[in-house]
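Novice: starting from these lines, generate the structure:
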Amino acid sequence: MSVCSKFEVFKSFNRFKLEGLVYCFKEKNLRKGSYIYREGVSETDGVYFVVKGQLERIKEDPYEDKKEKPKEIPKPPTDPKEKDEKSPQKKEETQNPKHAIRNIIPAFVGRDYGVSLTLIEDNEVIGLDEIIQKKKYRQTSVKVVSDTAFILFMSIEDFRDKVLNPQPYMSKKEAVKIKQK
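Specialist: Reported below is the predicted structural model:
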């Protein structure tokens, strides 16, 4: 219960409301390299509360076609006369720097083909963006980078019922007044 009070989303909850949340959480102990969820693969199933550990939010390479392996950058011809005749590259690809960047990115970001966006630490909430935006799948990947991480998970249903709409007895009119404040 005292763990919950450290998260901003629960700051306005009294002790009684916090005690009611205890049964909604599932504990997860994870090791370095474990993924909390994967971009485009994992469904938006709930919210994660980082109690202890460091995580990394990763955006998959937007250029990467998941069906193909990344191509190597063709070496430019040494003889200027060979450039137009023997080179397998199209003239457009040699002049457009985006094509070169597309092929370089996978070499720098490792086998996951992602770019690190942020470092997530203790007492942070992750996965809330997709719920608010009503996305079916996760928009980023989140991976454990510390040796271990302790995380609390709350399902999307419990989060909506207990956190977003904690007072089901309230009339719609009263709820609108509160939201406008």
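Novice: what does Val22 show for phi and psi?
Specialist: Val22 has phi and psi values of phi -50, psi -40 when expressed as degrees, to the nearest 10.
Novice: Glu19 falls within a strand, correct?
Specialist: No - counting by DSSP: H, G, I helix; E, B strand; the rest coil, one finds Glu19 to be helix, located in no strand.
Novice: ok, it to Ile58 distance?
Specialist: Noted for Glu19: a distance of 36 Å to Ile58, by C-beta to C-beta, to the nearest Å. For every residue, glycine as well, the C-beta is placed using N, CA and C.
Novice: quick one, which of the two is more surrounded?
Specialist: A count of neighbours by other C-beta atoms under 10 Å puts Ile58 above the other of Glu19 and Ile58, at 22 against 12.
Novice: what ranges in this protein fall below the confidence cut-off?
Specialist: For the chain, the stretches with pLDDT under 70 are 1, 61-113, 166-181.
Novice: how are the helices of it distributed by residue range?
Specialist: According to DSSP state H, the chain carries its helices in the segments 15-21, 82-85, 91-95, 97-109, 128-132, 156-158, 172-180.
Novice: how many other residues sit next to Leu117?
Specialist: Leu117 has 13 neighbouring residues, counting by other C-beta under 10 Å.
Novice: what's the neighbour count on Thr118?
Specialist: Using other C-beta under 10 Å: Thr118 sits among 14 other residues.
Novice: contacts only, for it.
Specialist: The neighbourhood of Thr118, defined by C-beta atoms under 8 Å, 6 or more residues apart in numbering, consists of Glu56, Arg57.
Novice: how close does it get to Ser5?
Specialist: Relative to Ser5, and taking C-beta to C-beta, Thr118 is found at 24 Å.
Novice: then Glu43?
Specialist: Between Glu43 and Ser5 the distance is 29 Å, computed by C-beta to C-beta.
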